[in-house]
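Visitor: the following comprises the amino acid sequence and a computationally predicted model.
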Amino acid sequence: MPQLPDAHDHGHDHPHAEISQTGRPSYYEIMETAVRELLIEKRLIGPEEIRRQIEVLDSRTPALGAKVVARAWVDPEFRARLLADGRGACEELGISFYDDTGLIVLENTDKVHNLIVCTLCSCYPRPVLGLPPDWYKLKPYRARAVSEPRAVLAEFGTIIPDDVEIRVSDSTAMVRFLVLPKRPEGTEDFSEEQLADLVTRDAMIGVAPVSIETGRTSR
Amino acid sequence: MQGGANRSESLGAGIVLAAGEAPVFGPGDRVRILTRSPVGHYRVPTYLRGKTGVVEAAIEPAGVDNEEEAYGRNAGMKRHYYRIAVPMTEIWPDYAGSHRDGLHIEIFETWLERI
């Protein structure tokens, strides 16, 4: 191990790997760069718009979806509107649909368990959940969620009894899906904020239930 | 399912709709997803082509057909699309799981035939 200079003093003594991109950019990375530079050169879009769109994406996180779910749990009329028109109900709460997608909210019950996937690419309810997890975009999940959903769910630790119907929704063009999980038992006295803290991203994709034990943050 | 479905009062007793204005299929209709392989951009997964299912709902409002949109041909190209339910056992003959399990997907009208 090389001797580190004394100035490098933050509690450990291993050498840092250089933070850099190794290897050549891929075909699609080169294409994206070329198209982006052309669009800017032709003044169809500006760097400011690209930066702003990244800010739009960064402002969307599963915490938004969790608030929608918690509101639906405590407000039956909101829940009815959410199930009838997912986008309209989210817009009521100030969540905009910048990508002009529709939203269908799928309710889990004692008889039905919903799971969402996009076999073609990575369609995801980004306006309410932000960016999808990496596994959601990879082929094993995309292929297996529609062919052996029970095995996939079991790998997430979610065992669905045989008398519960599994509905896998494959997102394609216009509409995105959001799962409304079951409200866990023992939360009758919880406030809306406490409920929202229990709702995880995975629960709104449908790969895991919401439980008091495995909430996103501690109460 | 998406907005616009509930109008407060209908004045439409004598109104005749043009072809394509109203959805062709309704909830409960049995349909087959067509086996087509057009050149270009379309979003019907291969694993569902030729499979039969049931219409759950027409999704409102009609949407721009992305097969045309990919070529910049948007005007007048709104098409109805539907949420279709296909049993897992219809897609995968040796599906391991409840026979009630199903795959649900939105499909444009141009990819469906009545059976």
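Guide: Sure, I can see it.

Visitor: got the CA coordinates for the helix or strand bottoming out on mean pLDDT in chain A in CSV?
Guide: Taking mean pLDDT, DSSP states H and E as the measure, chain A has helix A:47-58 as its least confident helix or strand, at a mean of 91. Listed next in CSV are the C-alpha coordinates belonging to helix A:47-58 (Å, rounded to 0.1, in the frame of the first residue of the first chain):
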residue,chain,number,x,y,z
PRO,A,47,-28.8,23.4,-21.7
GLU,A,48,-31.0,25.1,-19.2
GLU,A,49,-34.0,23.0,-20.3
ILE,A,50,-32.0,19.8,-19.9
ARG,A,51,-30.8,20.8,-16.4
ARG,A,52,-34.4,21.8,-15.5
GLN,A,53,-35.7,18.4,-16.6
ILE,A,54,-33.2,16.7,-14.3
GLU,A,55,-34.5,18.9,-11.5
VAL,A,56,-38.0,17.8,-12.3
LEU,A,57,-37.0,14.2,-12.1
ASP,A,58,-35.1,14.7,-8.9
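
Visitor: any idea how far that helix is from the chain center?
Guide: The chain centre lies 19 Å from the centre of helix A:47-58; the measure is Cα atoms, centre = their mean, to the nearest Å.

Visitor: give me the contacts around the helix or strand just after it.
Guide: Where DSSP states H and E defines the elements, the next helix or strand beyond helix A:47-58 is helix A:62-74. Helix A:62-74 has contacts (Cβ atoms under 8 Å, 6 or more residues apart in numbering or on different chains) with A:78-79, A:82, A:89-90, A:93, A:95, A:105, A:125, A:128-130, A:178, A:180-181, A:183, A:192-193, A:195-201, A:203-204, A:210, A:216. In short, each C-beta sits where N, CA and C put it, glycine included.

Visitor: can you list the buried residues in helix A:62-74?
Guide: A:62-73 (16 or more other Cβ atoms under 10 Å in any protein chain shown).

Visitor: still on that earlier bit, among the contacts of helix A:62-74, which lie within strands?
Guide: A:105, A:178, A:180 (DSSP state E).

Visitor: out of the residues you listed, who's the most crowded?
Guide: Compared across these, A:Val105 has the highest neighbour count, 28 neighbours, by other Cβ atoms under 10 Å in any protein chain shown.

Visitor: please tell me I have it right and it contacts A:Gly86.
Guide: Yes: using Cβ atoms under 8 Å, A:Val105 is in contact with A:Gly86, at 4.0 Å.

Visitor: which neighbours do the two have in common?
Guide: A:Leu178.

Visitor: angle of the longest helix seen in chain A against helix A:47-58?
Guide: Using DSSP state H, we find that the single longest helix of chain A is helix A:27-41. Interaxial angle of helix A:27-41 relative to helix A:47-58 (axes from the mean of the first three to the mean of the last three Cα atoms, to 10 degrees): 130 degrees.

Visitor: now helix A:27-41, how far from the chain's geometric center?
Guide: 27 Å.

Visitor: near chain B, which residues of chain A?
Guide: Applying Cβ under 8 Å from any Cβ of the partner chain, we find that chain A lies next to chain B at A:84-88, A:102, A:104, A:119-120, A:146-151, A:162-170, A:172-175.

Visitor: counting only helices, which of the residues you listed make the cut?
Guide: The helices, defined by DSSP H, take in A:84, A:86-88, A:146-147, A:149-151 from the residues of chain A next to chain B.

Visitor: just put the residues you listed in a markdown table and tack on neighbour count and distance to B:Lys51.
Guide: As requested, these are exported to a markdown table (neighbours: other Cβ atoms under 10 Å in any protein chain shown; distance: Cβ to Cβ, whole Å):
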| residue | neighbour count | distance to B:Lys51 |
| --- | --- | --- |
| A:Ala84 | 16 | 28 |
| A:Gly86 | 26 | 26 |
| A:Arg87 | 25 | 28 |
| A:Gly88 | 16 | 31 |
| A:Val146 | 24 | 12 |
| A:Ser147 | 17 | 13 |
| A:Pro149 | 24 | 16 |
| A:Arg150 | 21 | 20 |
| A:Ala151 | 12 | 21 |
